[in-house]
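[1] this is a predicted model, with the sequence first.
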Amino acid sequence: MDLQHRLARSFKPRFAVIYPFGIFCLLFGTVTDQSLRMGIGYIIAGLLIRLWSNGYAIKNDKLTISGPYSFVRNPLYLGTFLIAIGFVFVLTMGYLVGALFLAALIFMYYNTIQTEQKMLLEKFGKTYQDYCAKVPAMIPCLIPYDNGEQWPFSLQRLIFSKEYKSFVWISVIIIVFYLKNHLILLHKTMTHRTWALVLFAAMLILIDVFLEINKKKKKA
């Protein structure tokens with residue numbers, strides 16, 4: 001991903017919501033054992049949905065209707081929204097801030113989905129119309145859509161999508177906030193548990209760095 005593409009991605013409306021919220025959380029958010037228990041299930045569910053989805057998604061070239069796409073048209077957005085709900089619970093910064101963040105995210109995703117639907121309708125025509133008529137945009141249906149071309153889950157497609165980075169950095173972020181609360185706000189000392197969390201976060205970062213270096217070597 002070149003610099004121009006990164007900048008364009010950074011200024012997408014949904015990132016204009018996520019980044020300010022992230023900065024606010026960095027300054028004021030804390031993680032406790034109770035808040036972690038309240039939100040971690042949403043985060044895990046969101047991550048699993050995104051991992052599942054990226055193993056099927058073939059963007060731009062084909063209309064993806066396999067796997068989670070047979071139950072909901074935008075499983076990646078659904079996964080992201082569940083992760084966002086999880087962070088609202090995990091980072092104890094008040095329900096008003098969390099509600100405003102989720103409302104802004106819903107508004108941004110609604111506009112994004114509408115724009116993408118127009119593009120897909122122009123590209124795939126009646127096939128996409130039929131798909132939209134039977135599969136909801138964000139709330140999964142119970143009966144999978146089985147018309148059109150289907151293909152299996154691909155681990156290679158998932159790795160190429162770099163979705164594993166979401167797991168790595170979400171885990172690191174939660175650990176950082178937990179340590180912030182434990183060491184800075186509560187003034188507790190390092191324990192076996194906190195040292196284990198530090199080592200786990202460092203291991204995840206090293207794995208991510210190693211994979212990136214390895215990919216660059218293969219491209220060279």
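    Okay, I see it. Numbers count the residues shown, from 1 in each chain.
[2] grab the most central residue of the chain for me.
    residue 80 (3.8 Å; C-alpha atoms, centre = their mean).
[3] quick check, it in contact with residue 53.
    No: in this structure, residue 80 is not within contact of residue 53 by C-beta atoms under 8 Å, at 10.3 Å. C-beta coordinates here come from the backbone N, C-alpha and C atoms, glycine included.
[4] one step back: quick check: which helices or strands does the helix or strand hosting the residue nearest to the centre of the chain pack against?
    Assigned by DSSP states H and E, residue 80 belongs to helix 75-90. Counting contacts by 3 or more C-beta pairs under 8 Å, 6 or more residues apart in numbering; DSSP states H and E, helix 75-90 packs against helix 33-54, helix 95-124, helix 164-179.
[5] what's the pLDDT at the residue nearest to the centre of the chain?
    Looking at residue 80, its pLDDT reads 91.
[6] repeat for residue 116
    91.
[7] and it, how many neighbours?
    By the criterion of other C-beta atoms under 10 Å, residue 116 has 14 neighbours.
[8] quick one: it from residue 124, how far?
    12 Å (C-beta to C-beta, to the nearest Å).
[9] how about residue 160?
    23 Å.
[10] neighbour count: those two, which is higher?
    The neighbour comparison of residue 160 against residue 124 (other C-beta under 10 Å) goes to residue 124, with 15 against 11.
[11] now that one. Nearest residue, chain neighbours left out?
    Nearest in space to residue 124, with sequence neighbours left out and distances taken as C-beta to C-beta, 6 or more residues apart in numbering, is residue 63 at 4.9 Å.
[12] which one in the protein is furthest away from the centre?
    If you look at how far each residue of the chain sits from its centre, by C-alpha atoms, centre = their mean, the farthest one is residue 189, at 32.6 Å.
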